[in-house]
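A.B. asks: Sequence first, then the predicted structure:
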Amino acid sequence: MKLVDMKVTEYLDVLKSDAPAPGGGSVSALAGAEGIGLFMMVADLTIGKEKYAAFEETCKKAKEAGAGLYKALHDGIDKDTDAYNLVAAAFKMPKDTDEAKAARSKAIADATLTATQIPFDNMTYCYEGLKVAHTLVGASNPNAASDLGVAALNLLAGVRGTWLNVKINLPGVKDEAKKAEFLEKGEKMMAEAAKLAEEMYQSIEAAL
């Protein structure tokens, strides 16, 4: 069964068990999806309200952008666990002959690249979601301001959590150019996400 199809209690029971997956990567994708879901809710609570007519277009754009990012992170929850399972399967391949060893090494390298790319993609979706959420500060229903603040916290957790999952897999990435790309882009997103989330949180808290 897919993680996203489980009841919340079922998911939490698997999470706290000794099963190695789902782990931090899937949890981070879920945090990001929750953050996007929250800012989409805030947009919905603003759209169509005469009192907030000036915010209408901003909220519509945020909701539209959020829909695609939400779907990507929704799918990313299971993709991360699937990627881990791919790596685990590769390490279990036979290595009793030179040919088997070569096949195993290639499978491990390929699976590790996938297990790095998936959280990197999820990190990007969380970061893009944070940028969209930022546009709603001061341009959405103030009665849902706390929800927007929690959206920022969840999206920042998503960015930081997925980055840890990228970094733990980087030593196994054999493509040096790809490894350098992950590092450069990831570190930039980390810095910018922290700044955006802090700006959002401080602005929202001050207005409450």
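C.D. replies: Nice, I can see it.
A.B. asks: Show me the shaky parts of this protein.
C.D. replies: Within the chain, no stretch falls below the threshold (pLDDT under 70).
A.B. asks: Tell me the spacing between the residue lying farthest from the centre of it and R104.
C.D. replies: Residue farthest from the centre of the chain, counting by C-alpha atoms, centre = their mean, is T97 at 39.9 Å. Note on T97: its distance to R104, by C-beta to C-beta, to the nearest Å, is 10 Å. For the C-beta atoms, the positions are set from N, CA and C on the backbone; glycine is no exception.
A.B. asks: Likewise for A111?
C.D. replies: 10 Å.
A.B. asks: Name the residues contacting each of those two.
C.D. replies: Overlap of the contact sets of A111 and R104 (by C-beta atoms under 8 Å, 6 or more residues apart in numbering) consists of A90.
A.B. asks: So which of the two has more stuff around it?
C.D. replies: Taking neighbours as other C-beta atoms under 10 Å, A111 and R104 compare with A111 leading, 21 against 17.
A.B. asks: you'd agree the more buried one is up against A89?
C.D. replies: Yes. With contacts counted by C-beta atoms under 8 Å, A111 reaches A89, the gap being 7.4 Å.
A.B. asks: what about the helices in this protein?
C.D. replies: 8-15, 24-44, 56-91, 98-134, 145-169, 176-207 (DSSP state H).
A.B. asks: Specify the stretch among the ones you listed that is closest to E50.
C.D. replies: Closest to E50 of the helices of the chain, according to C-beta to C-beta: helix 56-91, at 9.7 Å.
A.B. asks: For the closest one, list every residue counted as buried.
C.D. replies: 56, 58-59, 62-63, 65-66, 69-70, 72-84, 86-87, 90 (16 or more other C-beta atoms under 10 Å).
A.B. asks: list the helices and strands that helix packs on?
C.D. replies: Under the contact criterion of 3 or more C-beta pairs under 8 Å, 6 or more residues apart in numbering; DSSP states H and E, helix 56-91 touches helix 24-44, helix 98-134.
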